[in-house]
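Enquirer: got a predicted structure here, sequence first:
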Amino acid sequence: MPIKILMPALSPTMEEGTLAKWLVKEGDKVKSGDIIAEIETDKATMEFEAIDEGTMGAILVTEGSEGVKVNTPIAVLLEEGDDINSTSHPATVKASPTLENSTLEKTTISVLSTTPKTQHRHENLERRIFATPLARRIAADKGFDLATVKGSGPRGRIVKADVEDISAVTTKPASRPAAETASIPLTQSANATSVAHMYDGREYIEVPLDGMRKTIAARLTDAKQTIPHFYLRRNIKLDALLNLRAELNGQLKGRGVKLSVNDFIIKSCALALQSVPDANAVWAGDRILKLAASDVAVAVAIEGGLFTPVIQDAETKPLSNLSAEMKDLANRARERKLAPHEYQGGSFAISNLGMFGIDNFDAVINPPHGAILAVGAGVKKPVVGKEGTLEVATVLSVTLSVDHRVIDGTLGAKLLNSIVENLENPISMLV
């Protein structure tokens, strides 16, 4: 019987999307794993794979359609023996009974009937494990059962990152509260009509909110309303770091590597989280999750919003590798080409506005993170040296925003002091 293909939820915050492009047409044969469409979410443009095989019957949503709600039928797939002409009457194709959320997260196609044949097919679909070919190969090489793995790809599909570190995989289900926090609806502080009325007679341009801006508004409103922020501030003398950076860049020039100050800041935070492990934690609603690795998120500004790609295991990576990974993530973030697992997670974030001449600022914590470091510009200032003499130094101002539910004042101070110690003695980060 005909099967409805539904608009998938390709990220935890996705409520609707844009069907950017169909890669198949009516009458085409489709196999499981074929890319059939490109869909724009609130964060990126992602490929949509078929779960089952058959023939494309009717395409119900045209290319470029915006605001298509998740779980809305977008096409009809025909099984062998189905009549393609039957799809010209979509009302005759019945949707299946509502599935539980856990099932919907694992499937991109809904069963359309409760006849014995399709009931059997439904049971087979739930037993199937959805994983990319590369993830299956890695699992086979390591000799473990994919049924024990929680997928982080679109609709719960298991991807490469899920199977590379099995110890990390086993902790993934506990991080679910982060996704639940991300789905909080947009809170409106004022009625659009009443606000517009205040500006009658004044010229203005109305800018509708896209999916990304709605998500940012909802998450940051929730963060400021529900997270008990407190702030710790320090000045950091950067001269030793700048000298070491210049020396290293001179030596690495032949390899095409150029380290940034931000690379050192990422590394210093990752090592500090290892030195103060109780601060390497996130808020999970009714508990705290303490993470083993230092997964550091870094805010990247893009047109219309921002991404926070996550560098996993940052404490273990040499500066040159960390720098290359950060550049790659930032470039793909600006092109909206990041996969969800590349910008979700982490316990700590960095927001750097120093390149825009901002001396200092207070950043809003990105839930469920326990803290975020706001980094200002390095500015030459007069300082008092160790011998009491006045000297000129490059001083960087930073502010650590802390979630008091996760990290108390003394623990936050230890974390910030460790970050400062690493940056003022940068050679220690190379050992």
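Expert: That came through, no problem.
Enquirer: and the residue nearest to T62 when sequence neighbours are not counted, how far from V30?
Expert: Distances taken as C-beta to C-beta, 6 or more residues apart in numbering place L19 nearest to T62, at 7.4 Å, with adjacent residues excluded. Where you see a C-beta, it was placed from the backbone N, CA and C, and this is true even at glycine. Applying C-beta to C-beta, to the nearest Å, the value for L19 to V30 is 16 Å.
Enquirer: again, but for A281
Expert: For A281, the distance to V30 - C-beta to C-beta - is 45 Å.
Enquirer: burial measure for the residue lying closest to T316 once chain neighbours are set aside, as a count.
Expert: In this structure, T316 finds its nearest non-sequential neighbour in A293, 7.8 Å apart by C-beta to C-beta, 6+ apart. The number of residues packed near A293 is 19, by other C-beta atoms under 10 Å.
Enquirer: same question for the one 3 residues further on.
Expert: V296 has 29 neighbouring residues, counting by other C-beta under 10 Å.
Enquirer: residues touching it, list them.
Expert: Taking C-beta atoms under 8 Å, 6 or more residues apart in numbering, we find V296 in contact with 266, 269-270, 273, 310-311, 314, 346, 348-350.
Enquirer: swap the cut-off to 7 Å and go again
Expert: When contacts are counted by C-beta atoms under 7 Å, 6 or more residues apart in numbering, V296 touches 266, 269-270, 310-311, 314, 346, 348, 350.
Enquirer: chain neighbours aside, what residue packs nearest to it?
Expert: Nearest one to V296, counting by C-beta to C-beta, 6+ apart, is A314 at 4.6 Å.
Enquirer: also S418?
Expert: Nearest one to S418, counting by C-beta to C-beta, 6+ apart, is A272 at 3.8 Å.
Enquirer: ranges for the helices of the chain?
Expert: 101-104, 116-127, 133-142, 160-164, 166-169, 176-182, 192-198, 211-226, 239-252, 261-275, 319-334, 340-343, 409-424 (DSSP state H).
Enquirer: just the ones you listed: most buried one?
Expert: helix 261-275 (a mean of 23; mean count of other C-beta atoms under 10 Å).
Enquirer: quick one: mean pLDDT for it?
Expert: Here helix 261-275 scores 97 as its mean pLDDT.
Enquirer: orientation of it relative to helix 239-252 in degrees?
Expert: Per axes from the mean of the first three to the mean of the last three C-alpha atoms, to 10 degrees, the angle that helix 261-275 makes with helix 239-252 is 110 degrees.
Enquirer: how about the CA coordinates for helix 261-275, as PDB?
Expert: What follows is helix 261-275, C-alpha atoms only, in PDB (Å, rounded to 0.1, in the frame of the first residue of the first chain):
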ATOM      1  CA  VAL A 261      45.000  33.700  20.100                       C
ATOM      2  CA  ASN A 262      41.600  32.000  20.200                       C
ATOM      3  CA  ASP A 263      43.200  28.600  19.600                       C
ATOM      4  CA  PHE A 264      45.200  29.100  22.800                       C
ATOM      5  CA  ILE A 265      42.100  30.200  24.700                       C
ATOM      6  CA  ILE A 266      40.200  27.100  23.600                       C
ATOM      7  CA  LYS A 267      43.200  24.900  24.700                       C
ATOM      8  CA  SER A 268      43.500  26.700  28.000                       C
ATOM      9  CA  CYS A 269      39.800  26.200  28.800                       C
ATOM     10  CA  ALA A 270      40.000  22.600  27.900                       C
ATOM     11  CA  LEU A 271      43.000  21.900  30.100                       C
ATOM     12  CA  ALA A 272      41.400  24.000  33.000                       C
ATOM     13  CA  LEU A 273      38.300  21.800  32.800                       C
ATOM     14  CA  GLN A 274      40.500  18.800  33.400                       C
ATOM     15  CA  SER A 275      42.300  20.500  36.300                       C
END
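Enquirer: thinking again about what came up before, how about the residue nearest to V296, what does it touch?
Expert: Taking C-beta under 7 Å, 6+ apart as the test, what A314 contacts is 266-267, 270, 294-296, 322.
Enquirer: run the chain-centre distance for stretch 404-416.
Expert: Taking C-alpha atoms, centre = their mean, to the nearest Å, one finds the center of stretch 404-416 at 25 Å from the center of the full chain.
Enquirer: for the spatially closest residue to V298 that is not a sequence neighbour, give me the pLDDT.
Expert: Computed as C-beta to C-beta, 6+ apart, the closest residue to V298 that is not its neighbour in sequence is I350, at 5.0 Å. Looking at I350, its pLDDT stands at 97.
Enquirer: so how far is P73 from I350?
Expert: Counting by C-beta to C-beta, the gap from I350 to P73 is 42 Å.
Enquirer: check G81 too.
Expert: Taking C-beta to C-beta, one finds G81 at 21 Å from P73.
Enquirer: what does L411 give?
Expert: 51 Å.
Enquirer: pLDDT score assigned to V169?
Expert: 41.
Enquirer: before we move on, the earlier item: tell me which two of the contacts of V296 sit farthest apart.
Expert: C269 and V310 (12.5 Å; C-beta to C-beta).
Enquirer: which of G81 and P73 has more neighbours?
Expert: When G81 and P73 are compared for neighbours, P73 comes out ahead with 19 against 6, by other C-beta under 10 Å.
Enquirer: tell me what the more buried one is bridged to.
Expert: Beta-bridge partners for P73, by DSSP bridges, are L6.
Enquirer: what's the pLDDT at it?
Expert: pLDDT, read off for P73, is 91.
Enquirer: what sits against it?
Expert: 4-6, 60 are the contacts of P73 under C-beta under 7 Å, 6+ apart.
Enquirer: just put the residues you listed in CSV and tack on distance to V392, pLDDT and neighbour count.
Expert: Formatted as CSV, those follow (distance: C-beta to C-beta, whole Å; pLDDT from 0 to 100; neighbours: other C-beta atoms under 10 Å):
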residue, distance to V392, pLDDT, neighbour count
K4, 69, 87, 23
I5, 65, 89, 26
L6, 63, 90, 21
L60, 68, 91, 18
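Enquirer: and which of those is nearest to I407?
Expert: L6 (41.3 Å).
Enquirer: go ahead and confirm that closest one touches N71.
Expert: Yes - with contact defined as C-beta atoms under 7 Å, L6 reaches N71; the gap is 4.9 Å.
Enquirer: now D141: how far from P208?
Expert: Counting by C-beta to C-beta - D141 and P208 are separated by 48 Å.
Enquirer: typed the wrong thing, it's T45
Expert: 19 Å.
Enquirer: what of K150?
Expert: In terms of C-beta to C-beta, K150 sits 36 Å off from P208.
Enquirer: so for the two, which residue has more residues nearby?
Expert: Each of K150 and P208 has its neighbours counted (other C-beta under 10 Å); K150 has more, 15 against 6.
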